[in-house]
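Visitor: After the sequence you'll find the predicted model.
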Amino acid sequence: MKCDNCKKEDPWLEVIGKNFVCKRCIQKHKEMGLVYRTHINTFHFLLRKIRPESYNDYMMITRKQIESLADLKKAGIKLPTTNVVHLE
C-alpha cells in the first residue's frame, strides 16, 4: 500500500484518522515519533484518546496533550527538554 503523505510503498502502514501513514512520516512528529519508536502500545493509546481526524491534525498534537493523557516518566519515556538558553 502507499502512504497517503509521502506516496511511497510500505507493507506496514498506521491508520491516523482517515489517512494511512508510513513509519517515516509518523516519526516526523518529534514527541509522538519517539513514543512510536520506543513504546508502540502507548502510541496507540494516545491516538485513541486524541483521535486526530487526519495526518495534519496528528502533526498539530502538542506536548501538553501528550503529557496530560499519559504519564511518560512512569512508562520510561524521556522526551527532550524544551528549555533553551541562549548565551550571548
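Guide: Arrived safely, thanks for sending. Numbers count the residues shown, from 1 in each chain.
Visitor: Run through the strands of the chain in chain order.
Guide: Along the chain, counting by DSSP state E, strands occupy 14-16, 19-21.
Visitor: Just put those strands in TSV and tack on mean pLDDT.
Guide: Shown next, in TSV, are the strands of the chain (pLDDT from 0 to 100):
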stretch	mean pLDDT
strand 14-16	93
strand 19-21	94
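Visitor: the longest helix in this protein is where?
Guide: helix 40-50 (DSSP state H).
Visitor: How many neighbouring residues does Met32 have?
Guide: 24 (other C-beta atoms under 10 Å). For every residue, glycine as well, the C-beta is placed using N, CA and C.
Visitor: Hmm, it is touching Ile66, no?
Guide: Yes. Under the criterion of C-beta atoms under 8 Å, Met32 makes contact with Ile66 at 7.1 Å.
Visitor: Now for these two: what residues contact both?
Guide: Leu46 (C-beta atoms under 8 Å, 6 or more residues apart in numbering).
Visitor: related to what we said a few turns ago, nearest to Lys78 among the strands of the chain would be which one?
Guide: Among these, the nearest to Lys78 by C-beta to C-beta is strand 14-16 (22.7 Å).
Visitor: So what are the sheet partners of that closest one and their directions?
Guide: strand 19-21 (antiparallel) (DSSP bridges).
Visitor: Off-centre distance for the partner strand?
Guide: 13 Å (C-alpha atoms, centre = their mean, to the nearest Å).
Visitor: ok, residues contacting it?
Guide: 1-5, 13-15, 54-55, 58.
Visitor: Excluding chain neighbours, what is closest to the residue nearest the centre of the chain?
Guide: With distances taken as C-alpha atoms, centre = their mean, Met32 lies nearest the centre of the chain, 2.4 Å away. The shortest distance from Met32 to any non-neighbouring residue, by C-beta to C-beta, 6 or more residues apart in numbering, is to Ile61 (6.1 Å).
Visitor: From Lys28, how far off is the one you found?
Guide: From Ile61 over to Lys28 the distance is 12 Å, taken as C-beta to C-beta, to the nearest Å.
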